[in-house]
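>>> only geometry, no sequence info:
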């Protein structure tokens, strides 16, 4: 968790776009206080504004140098200078891979991702805990009864939660589908060659040419994909 947060902080883009619905009567305030990418009129009263909510400090310094001015941001706007460092972000992921190698060489591993593993055998107690660098037991002592690993970020399993009266718990992880939303019997069907269709009621689509956003329903086809390494 901590490594993922560190990677996210140093690997983020320095120029981020924020979308905000504002009253048309307030548009002047945004046009004079922010770097606006696009204004989309929704109605006679409301518009959607796409603007940069942070600044690349290197760009600002370069502009100040070229124009021989000292650019200062107004104290009442929300601009912030974003610091990032791709080298640090890359180092974090590299050392995470090194840390995971000893687990990936274990023949008992059923599935592994960036920061997680599923094994047939119990890990040494010295390797499990809440401290940084240790593996965390996400199931809190429970054991998986049955699981299917169909491909990268395509798996599901069930177990009986002994901490909650042996309640049956079904879990699923499939890219593009809400976590734990696919019943185990449907995962089993996909393992046997079945194809699952899921309706996504709300999905955002962005036009890279106009930066417009649209919201509409869509259908997602899910099937076993174990050809990726």
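Cool, the structure landed. This is a predicted model, so every value here is computed, not measured.

>>> which strands and helices lie in contact with the one helix or strand residue 88 maps to?
Assessed by DSSP states H and E, residue 88 sits inside helix 86-104. For helix 86-104, the packing partners by 3 or more CB pairs under 8 Å, 6 or more residues apart in numbering; DSSP states H and E come out as helix 2-11, strand 109-112, strand 117-119. C-beta coordinates here come from the backbone N, C-alpha and C atoms, glycine included.

>>> now it: buried residues?
For helix 86-104, burial by neighbour count (16 or more other CB atoms under 10 Å) applies to 89, 92, 93, 100, 103.

>>> need those residues in TSV with distance to residue 124 and pLDDT, can you?
Formatted as TSV, the buried residues of helix 86-104 follow (distance: CB to CB, whole Å; pLDDT from 0 to 100):
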residue	distance to residue 124	pLDDT
89	30	79
92	25	79
93	25	79
100	16	83
103	11	83
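
>>> so what pLDDT did the residue located most distally from the centre of the chain get?
Within the chain, residue 68 marks the point farthest from the mean C-alpha position, 41.0 Å out by CA atoms, centre = their mean. Residue 68 is assigned 74 on the pLDDT scale.

>>> and if you look at residue 210?
pLDDT, residue 210: 65.

>>> please apply the same query to residue 28.
Looking at residue 28, its pLDDT stands at 84.

>>> do the one 10 residues further on as well
In this model, residue 38 is scored at 85, pLDDT.

>>> so what does it look like in phi/psi?
Torsion angles at residue 38 (phi, psi; degrees, to the nearest 10) stand at phi -170, psi 150.

>>> cool, the one 3 residues further on as well?
Note on residue 41: its backbone torsions stand at phi -80, psi 120 [degrees, to the nearest 10].

>>> beta-bridge partners for the nearest residue to it once chain neighbours are set aside, please?
Ranked by CB to CB, 6 or more residues apart in numbering and with sequence neighbours excluded, the top spatial neighbour of residue 41 is residue 47, at 4.8 Å. Going by DSSP bridges, residue 47 is paired in beta bridges with residue 22, residue 41.

>>> how many neighbours does residue 142 have?
Neighbours of residue 142 under the rule other CB atoms under 10 Å: 16.

>>> show me what the closest residue in space to it that isn't next to it in sequence is bridged to.
Distances taken as CB to CB, 6+ apart place residue 159 nearest to residue 142, at 4.9 Å, with adjacent residues excluded. For residue 159, the beta-bridge partners under DSSP bridges are residue 144, residue 169.

>>> I'd say residue 159 and residue 140 touch.
No - in this structure, residue 159 is not within contact of residue 140 by CB atoms under 8 Å, at 10.5 Å.
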